[in-house]
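Chemist: Return atomic coordinates for the entry below.
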Amino acid sequence: MKTKKLLSLAAAAILLFSTSCRNDEEIYTELPTSPKGAYENGILISNEGNFGTPSGTASYISKDLGTVQNNIYAANNSGANLGDIFQSIAFNGDNAYLVLNNSNKIEIVNRYTFKKTATLTQEINQPRYIAFNGNYTYVSNDKYLGAKYLSIYNNADNSFVKKITFTDAAEVVVSAGSKVFVQNSTYGYGNKISMIDALANSLEKTITLPNGDLNEIVSYNGNVYAIAYTSTDSYIYKIDTAGNIVNTKTLTGIANGDNLEIYQDKFYFSSDTKVYTMDINSTVVPTTTLFTVAFTPYSSLYGFNVIDGKIYTSDANSFTQNSTVTVYSLTGAVLKTFTTGIGTNGFYQN
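Modeler: Numbers count the residues shown, from 1 in each chain. Coordinates of the predicted model:
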């Protein structure tokens, strides 16, 4: 009897201890995690600045659009200037890569605190955009009247691996599957895309678009989409990772197609000051605009991105003053307007 009672008491104690531990674990896992930094869960903004001056800056907008902070690089790096022509941003892990075109460098910062961790300069010459695939970093470089190439680095230590040269421009670079695609057109001139095998880091194929000049490429769901234009019509091409054009949408009557974004299986794009949307699988050309912005020479819709159910646009105000950022709903209603830095050109979900 005593033995059975002792065993029962021991079993009860074990059960109580087990339940207590399990409940502690459940409570622990439900506790909110600490924020990684002041800029987590918001939008980072690249502001070019004026050519020839170190006036490129970075801004931050909170997810709820309630807070805007300008010049966050200087604020977190002892007042240091970011550089000359802040071209673009790309993320890899906890790092943000800030591409400084006319400073010939890439500043690497913690994406949540914006504190600098490294600077990449080897084989960097007028860098434009950056992408990542596997163990490698890919940077497009396009010097005016000079060399055009893709420089490749090892992610582990940012060491230079090799470069792939092009006859035409080296502009937007994106990753899809085990391939990297480089847009070989700039400022709306050119119709070629280079496809790089990211396993061998070699040029595998050059894709020539059949109609229009190429304005932009984007990666979405394992494919690449390209928007090209003429003075009367525009085209959206779907390209698979074998480098084949597998679908073409002819946007009859919509000239100068630009600023292609894809969000939840919908295209968003612009034509001059007009913004359109259409389902990614639709064959019907949109006949009405989502919204129209005011015309400003060389700077209307200078920045354009669709992030988390909102459309972010910028007017660079002809680079004579700070930019105006206007955020729209997906139905075209104005949600908020901000003032950012000079030459706002891009928005990035952090």
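
Chemist: What are the contacting residues of stretch 216-226?
Modeler: Stretch 216-226 has contacts (Cβ atoms under 8 Å, 6 or more residues apart in numbering) with 172, 174-177, 181, 183, 193, 209, 214, 227, 236-241, 246, 258-262, 267. In short, each C-beta sits where N, CA and C put it, glycine included.

Chemist: What mean pLDDT does it get?
Modeler: Averaging pLDDT along stretch 216-226 gives 98.

Chemist: got the CA coordinates for that stretch in PDB?
Modeler: Only the C-alpha atoms of stretch 216-226 are listed here, as PDB (Å, rounded to 0.1, in the frame of the first residue of the first chain):
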ATOM      1  CA  GLU A 216      12.000  47.800 -66.700                       C
ATOM      2  CA  ILE A 217      12.200  44.100 -65.600                       C
ATOM      3  CA  VAL A 218      10.800  42.600 -62.300                       C
ATOM      4  CA  SER A 219      10.900  39.100 -60.800                       C
ATOM      5  CA  TYR A 220       7.600  37.500 -59.600                       C
ATOM      6  CA  ASN A 221       6.800  33.900 -58.700                       C
ATOM      7  CA  GLY A 222       9.800  32.400 -60.300                       C
ATOM      8  CA  ASN A 223       9.500  34.300 -63.600                       C
ATOM      9  CA  VAL A 224      10.700  37.600 -65.000                       C
ATOM     10  CA  TYR A 225       8.300  40.200 -66.500                       C
ATOM     11  CA  ALA A 226       9.500  43.000 -68.800                       C
END
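
Chemist: buried set for it?
Modeler: 216-220, 223-226 (16 or more other Cβ atoms under 10 Å).

Chemist: ok, now stretch 232-239?
Modeler: Applying a neighbour-count criterion of 16+ other Cβ under 10 Å, one finds 233-239 buried in stretch 232-239.

Chemist: Could you do stretch 173-190 as well?
Modeler: In stretch 173-190, counting by 16+ other Cβ under 10 Å, buried: 173-176, 179-186, 190.

Chemist: can you give me the end-to-end distance of that stretch?
Modeler: Using Cα to Cα, to the nearest Å, one end of stretch 173-190 lies 15 Å from the other.

Chemist: what mean pLDDT would you report for it?
Modeler: Here the average pLDDT along stretch 173-190 is 96.

Chemist: One more: stretch 84-102?
Modeler: On average, stretch 84-102 scores 98.

Chemist: so residue 146 sits in a strand?
Modeler: No - according to DSSP: H, G, I helix; E, B strand; the rest coil, the state of residue 146 is coil, so it is not within a strand.
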